[in-house]
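**Student:** I would like to see how this sequence folds:
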Amino acid sequence: MNKLNKFLLALWTVSLALLFIVIATADQDPPILVAEGQMTTEENNPPEIKSENDLNETDKPISKPKEQVTKESIRLAMTGDILLHLRLAKYDDYTSSFAAVVPKMQSYDFLIANQESPPVGNEYPLSGYPRFSSPAHIIRDLQHAGVDLVTIANNHIVDQGESGIRTVFNNLEDYHMPYVGAYKNKEDQSAQRIIEIGSIKIGLLAYTYGTNGLYLPKESPLLINYIDEAKIKADVEELKKTVDVVAVSMHWGSEYVYAANDNQKYYADILNKAGVDIIFGTHPHVLQPYDKLTNEQGQETHIFYSLGNFFSTILTIPNTMIGGIASLDITKEGDRITIDKPELYATSVLKDADGIYRVYPLKDVEQRSVKNLQWVKKIMGQSVTVY
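**Tutor:** Numbers count the residues shown, from 1 in each chain. This next block holds a predicted model:
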C-alpha cells in the first residue's frame, strides 16, 4: 500500500470515529460553561415574579363580587292627644286648625295620632267632657293633614257604648283610616298592624289603662287592648318574629303631672325586657320626659312618657295647651337596625281673633303662648332635641 492510500485510510478512520462521537452525544444538552465566580444564565436571570396588576385577565385570581348593602332611613312620629271638647266638636272643618303645622306633619314617613274622643257625631249628639262624641270628619281632616294611623286604645273609647265603638269602626273604614288598639273581633285583633316603608317593617301595638269604668258586654265580639303584662309580652313576642321594629302606644300615667309615675316606669321596664323599641305615651294631657332604657341583652327602648295634648282645650289647666309631635330616625343597613335622633316638635293651641282654635309651632308663637320652648326643654330633658 503506497503512502497515498495509507493517508486516505487513516483519514477515513478518523472521520468515521468522529461521526460515532457526534451521534452518541446528539441527545445530550450542551454543557453550560461558567467562568469562576459567575452564575449560570438561569441563576443570573431568575424568573420574573409578576404583581397582580401585571397579570393578564386570565392569570388573575378569581374573587367574588362584594354584596351591595343598602342603607335606608325613615322617620316615625306620633302626635299627642286629640280630644275635642264641645267648643271644638262644633267645627265643620278642621283644615284651618291644622294649617300651620301641616308641613311638619306631612314631612314624616309615618305619623300616628291618638284620636281620644270617639268620632261618632254622625250617629250621636255632639258632646264633650265627660263622655265625648266628636264629628266623623275629624278623621278626614287629620288624614289630609298627614296622619297615617290612629290609636283608639284610650279611656274614652267606650263613651258611647258598644254601638258607639261600632260607629267608630264604620267611620274609620269609610275614610280608609288604619287603626290600632281596639278591634271588631278576634280576627281583626289577630291581624298584625305592620307598616312597610322600603325594606323597613314596623309593628304597631296600643294599650290603655282603662275605660273610665265603662265596659263592653261580656258577649260582645268587640275587643279593647287593656294594659296587661302577660298579653303585652305575648303580643310583642309574636310581632317581633316578622318586623324590624316594635312601637307601642301606651295610654297611661297621672293626668296633669309632668313626671312619669311608678306604674309607667314599671311597664316601661316590662316593655323594654319584652323587646319593644319605641314607646309613645298618652293620657296625662301634659308633656312628660323622654328617656331611654337599655337592658342586659342590649335592647334599647326609647320612651316618650307623655306627648301632652295636640288639639284640645282644657281651659282650666292652661299648660295642657302645650304638646307636640315626637319622632325618631329608624335606619336599616343590611340586617342592622339603629334608632336614634329623638325629637319633639313642640306645639301650642291658641285661640285666634276670629274665635278659632289652631295648632301652631311653639317656636313661632312663644310671645302668645302660655309657655315657651325653654319650659318644654326642661320637662323633656337633655337627651331629646326640642324645637
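
**Student:** Would you map the helices across this structure?
**Tutor:** Remark: helices assigned in the chain by DSSP state H are 3-25, 41-44, 86-89, 95-98, 102-105, 137-145, 161-174, 186-190, 229-239, 262-274, 373-380.

**Student:** Quick one: mean pLDDT over the fifth one.
**Tutor:** This predicted structure assigns helix 102-105 an average pLDDT of 98.

**Student:** One more: the fourth one?
**Tutor:** The average pLDDT within helix 95-98 is 98.

**Student:** Grab the CA positions of it and hand them over as PDB.
**Tutor:** Extracted C-alpha coordinates of helix 95-98, given in PDB (Å, rounded to 0.1, in the frame of the first residue of the first chain):
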ATOM      1  CA  THR A  95    -108.300  72.400  57.900                       C
ATOM      2  CA  SER A  96    -107.700  75.800  59.300                       C
ATOM      3  CA  SER A  97    -106.900  74.400  62.800                       C
ATOM      4  CA  PHE A  98    -104.000  72.300  61.500                       C
END
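
**Student:** That one packs against which elements?
**Tutor:** Judged by 3 or more Cβ pairs under 8 Å, 6 or more residues apart in numbering; DSSP states H and E, helix 95-98 is in contact with helix 137-145, strand 357-361. C-beta: built from backbone N, CA, C; applies to glycine.

**Student:** Pull the distance from the longest one to the chain's centre.
**Tutor:** This points to helix 137-145. Here the centre of helix 137-145 is set off from its chain's centre by 24 Å, with Cα atoms, centre = their mean, to the nearest Å.

**Student:** let's number from 16 now, not from 1
**Tutor:** With the count now opening at 16, the last piece we talked about shows up as helix 152-160.

**Student:** can you list the helices and strands packed on helix 110-113 in a markdown table and add mean pLDDT?
**Tutor:** Formatted as a markdown table, the helices and strands packed on helix 110-113 follow (pLDDT from 0 to 100):
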| stretch | mean pLDDT |
| --- | --- |
| helix 152-160 | 98 |
| strand 372-376 | 99 |
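
**Student:** possible to save the ones you listed as CSV with distance to Ser235 and mean neighbour count?
**Tutor:** Shown next, in CSV, are the helices and strands packed on helix 110-113 (distance: least, Cβ to Cβ, whole Å; neighbours: other Cβ atoms under 10 Å):
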stretch, distance to Ser235, mean neighbour count
helix 152-160, 23, 20
strand 372-376, 35, 21
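
**Student:** Now tabulate those in TSV and tack on distance to Met192.
**Tutor:** Output for these, formatted as TSV (distance: least, Cβ to Cβ, whole Å):
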stretch	distance to Met192
helix 152-160	5
strand 372-376	19
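
**Student:** picking that back up, comparing the helices of the chain, which stretch has the densest surroundings?
**Tutor:** helix 152-160 (a mean of 20; mean count of other Cβ atoms under 10 Å).

**Student:** how far off helix 176-189 does that helix point, in degrees?
**Tutor:** Angle, helix 152-160 to helix 176-189, by axes from the mean of the first three to the mean of the last three Cα atoms, to 10 degrees: 30 degrees.

**Student:** What lies in contact with helix 152-160?
**Tutor:** Residues outside helix 152-160 that contact it (Cβ atoms under 8 Å, 6 or more residues apart in numbering) are 97, 99, 107-110, 112-113, 116-117, 120-121, 128, 130, 134, 165, 186-187, 190-192.

**Student:** Then stretch 241-250?
**Tutor:** Residues from elsewhere that reach stretch 241-250 (Cβ under 8 Å, 6+ apart): 220, 222-225, 240, 263, 265-267, 282, 285-286, 289.

**Student:** let's see it at 6 Å
**Tutor:** Contacts to stretch 241-250, defined as Cβ atoms under 6 Å, 6 or more residues apart in numbering, come from residues Leu220, Tyr222, Tyr224, Ile285, Ala289.

**Student:** wait, isn't the first one in contact with Val261?
**Tutor:** No. Leu220 is not in contact with Val261 according to Cβ atoms under 6 Å; the separation is 7.0 Å.

**Student:** Point out where the stretch 66-215 of the chain drops to low pLDDT.
**Tutor:** 66-82 (pLDDT under 70).

**Student:** How about the contacts made by the spatially most central residue of the chain?
**Tutor:** With distances taken as Cα atoms, centre = their mean, the residue of the chain nearest its centroid is Ile345 (3.6 Å). Neighbour list for Ile345: Ile89, Leu91, Ile215, Val260, Ile354 [criterion: Cβ under 6 Å, 6+ apart].

**Student:** again, only this time at 10 Å
**Tutor:** Contacts for Ile345 (Cβ atoms under 10 Å, 6 or more residues apart in numbering) come out as 87-91, 124-125, 212, 215, 217, 259-260, 262, 292-293, 352-356.

**Student:** show me what contacts Tyr106?
**Tutor:** Leu99, Ser112, Ser149, Pro150, His152, Ile153, Asp156, Ile371, Tyr372.

**Student:** what's the closest of the contacts of stretch 241-250 to Asn170?
**Tutor:** Tyr224 (7.0 Å; Cβ to Cβ).

**Student:** Tell me how many other residues crowd the closest one.
**Tutor:** By other Cβ atoms under 10 Å, 17 other residues sit near Tyr224.

**Student:** I'd assumed Asn278 was in contact with it.
**Tutor:** Yes. Assessed by Cβ atoms under 10 Å, Tyr224 is found in contact with Asn278 at 8.0 Å.

**Student:** Which of the helices and strands packed on helix 110-113 sits closest to Glu177?
**Tutor:** helix 152-160 (19.9 Å).

**Student:** Kindly list the longest strand within the chain.
**Tutor:** strand 351-366 (DSSP state E).

**Student:** Each with direction, which strands does that strand pair with?
**Tutor:** As defined by DSSP bridges, the strand partners of strand 351-366 come to strand 337-348 (antiparallel), strand 372-376 (antiparallel), strand 400-401 (parallel).

**Student:** what's the angle between it and helix 388-395?
**Tutor:** Here strand 351-366 points in a direction 130 degrees away from that of helix 388-395 (the same axes, to 10 degrees).

**Student:** Wait, Ile293 touches Leu308, no?
**Tutor:** No. The pair Ile293 and Leu308 does not pass the contact test of Cβ under 10 Å, sitting 11.4 Å apart.
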